[in-house]
Structures are given as structure tokens and as C-alpha cells.
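*Asks:* sequence below, structure please.
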Amino acid sequence: MKIDGCVAIVTGGNRGIGEGFVQELLQQGARRVYVAARSLADAQTAAAADPARLVGIALDVTREEQVAEAARTCSDVDLLINNAGAFVNVTLIGAPDLSALREEIETNYIGLVSMCRAFAPVLKRNGGGAIANVLSAGGIVAVPNMGGYSPSKFAARAASDCLRAELAPQGTQVTALIVGSVDTRMAAHVTGIVKSSPRAIARAGLQAVKNGLNEQDTDPHAMEVRAFLARDPYNLARLMARGVAPRPTE
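*Replies:* Here you go, the predicted model:
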């Protein structure tokens, strides 16, 4: 997959990691980038940074009619970046009801699959292209204090494997990006861990797409989690629940 000259859509592209992807795509020569956000005003504000190449669209990935409309409108896309995510920051038992769990599952898992289903025919018509799913270190180790977020990312990782197999015959590659600690609003509550910049995550993610990788750890924290998981999975979950960054040397 070549980034130079590609046409991409980035969900949740108005801030955080999504904004980092938009910036990196422009830097690496993307011909057009659709910046998708729940609010059209937010999407258009983000797109104003480069009106010649950025197009803002309203898109809530949990609403099937909006996903279908995006696929019709963005018919020239050959790179789908599934970045939109939800983290409500309540636990499974401690939450007052199931609304937070439903939001996280609907956004992080079902929304991701919905986007892949809608854009698969678009990618096929445009030569196959690629999908990058922005996942989490919480999708390779279950973190008790993440509530529905960690389970939703486990599901999204499994879906990435299934989608990869289904879409291989049409020449569409699917890359799962395992993201650790990032300096974003979603991770503002996390302390005591060195956070990577959104641009650094995006740069690593696009490199994985260019290299045709199935799965890639995008930052030092994700790599540390992966290494610690191989050694001591039980204590890893315990440390992450306490907000402690595991390191391979510990």
C-alpha cells in the first residue's frame, strides 16, 4: 500500500490519534483525506487546515445510515483508518448500568466492523487498498479498570483477523495497530507513564500499512506490554489496573 497519492478516510479524525493520522497522511503525500467526526462543524474545522486536500464529513460509526452514506460519498477511498473510539472510564460491575459498556462495544467493535463492511466494496473497486484498525494494548491484555473498553478492543482485534481472511481474496490488507500510552484527551487520566505523541503513533501505523503488516505495536509502551505479557500475564493485568507501566526489565 502506497501512502503517496492515496485517498484515505480517518474516523475520529478531528483530534487525538485521528488528527495525527490526518497530519501524517498529508505529510506523506496523500491526494485526499476525508476527516470524519461526529460533529460536522468539528470535521469542517479540522479540514480547514488544508482545504485543497481535506474534506470534512459528519460520521458517527454507531449509526449505520451515516456509515452507508459515507461509503457512497467517499467512493474514491483506498485507505480506511478506523480510529474512532470510546472510553467511558467506568468498570463493568461498578457502572450504574450497561450504557457505558454498550457505547464502548458499539463504537470500538461494532462500529469498526460496520465501517469495514461498508467500505469493502469501495476498496475492491479501487484496487484493494488497505484498512488500519487502531486498537490498544488493552486489547492484548485484559485490564480490569478499563470496563468495556478492554473487552471491546479484544473483540476488534479478533475481528481484524477475521476481516483479513475475508478480504484477502479482493486484495485488501488489514493491519491491526496495538497502541499503548498516547498524549490525548482520552488518556488524560493516565499518569506515571511516558506518553507518545499522536503523530508518532500515526507515523508507525502508516509504516505498518506500507509494509503490509498484519499487526504492529506502535509505541514503546505497547512494546513493553507485549514483552511483559509473554513473561507474566497475571501480574501485567494487575500492574496496568494500578496505572503502572510494565517494562521488560522489571
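
*Asks:* dihedrals phi and psi, residue 104?
*Replies:* phi -70, psi -40 (degrees, to the nearest 10).

*Asks:* contacting residues for it?
*Replies:* Residues near residue 104 by CB atoms under 8 Å, 6 or more residues apart in numbering: 86-88, 147-149, 151-152. No exception for glycine: its C-beta is placed from N, CA and C like everyone else's.

*Asks:* can I get the buried part of these as one ChimeraX selection?
*Replies:* Buried members of the contacts of residue 104, defined by 16 or more other CB atoms under 10 Å, are picked up in ChimeraX with:
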select :86,87,88,147,148,149,151,152
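
*Asks:* now, among the contacts of residue 104, which is nearest to residue 64?
*Replies:* residue 86 (16.7 Å; CB to CB).

*Asks:* what's the lengthiest helix in the chain packed up against?
*Replies:* Secondary structure of the chain per DSSP state H: the longest helix is helix 149-167. In terms of contacts (3 or more CB pairs under 8 Å, 6 or more residues apart in numbering; DSSP states H and E), helix 149-167 is packed against helix 99-105, helix 111-125, strand 130-134, strand 173-178.

*Asks:* let's have the ones you listed in CSV, adding distance to residue 45.
*Replies:* CSV is the format used below for the helices and strands packed on helix 149-167 (distance: least, CB to CB, whole Å):
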stretch, distance to residue 45
helix 99-105, 24
helix 111-125, 22
strand 130-134, 21
strand 173-178, 25
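
*Asks:* rewinding a little: need the contacts of residue 104 in CSV with pLDDT and distance to residue 131, can you?
*Replies:* Shown next, in CSV, are these (pLDDT from 0 to 100; distance: CB to CB, whole Å):
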residue, pLDDT, distance to residue 131
86, 96, 19
87, 95, 22
88, 95, 25
147, 92, 26
148, 96, 23
149, 96, 21
151, 97, 21
152, 98, 18
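
*Asks:* and the residue nearest to the spatial centre of the chain, what does it touch?
*Replies:* The C-alpha lying nearest the average C-alpha coordinate of the chain belongs to residue 134 (CA atoms, centre = their mean; 2.1 Å). Applying CB under 8 Å, 6+ apart to residue 134 gives the contacts 17, 81-83, 85, 177, 179, 201, 205.

*Asks:* show me those residues that map onto helices.
*Replies:* Reading helices off those with DSSP H, I get 17, 201, 205.

*Asks:* could those residues go into JSON lines alongside neighbour count, distance to residue 98 and pLDDT?
*Replies:* As requested, the ones in helices among the contacts of residue 134 are arranged in JSON lines below (neighbours: other CB atoms under 10 Å; distance: CB to CB, whole Å; pLDDT from 0 to 100):
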{"residue": "17", "neighbour count": "31", "distance to residue 98": "27", "pLDDT": "95"}
{"residue": "201", "neighbour count": "26", "distance to residue 98": "30", "pLDDT": "96"}
{"residue": "205", "neighbour count": "26", "distance to residue 98": "32", "pLDDT": "98"}
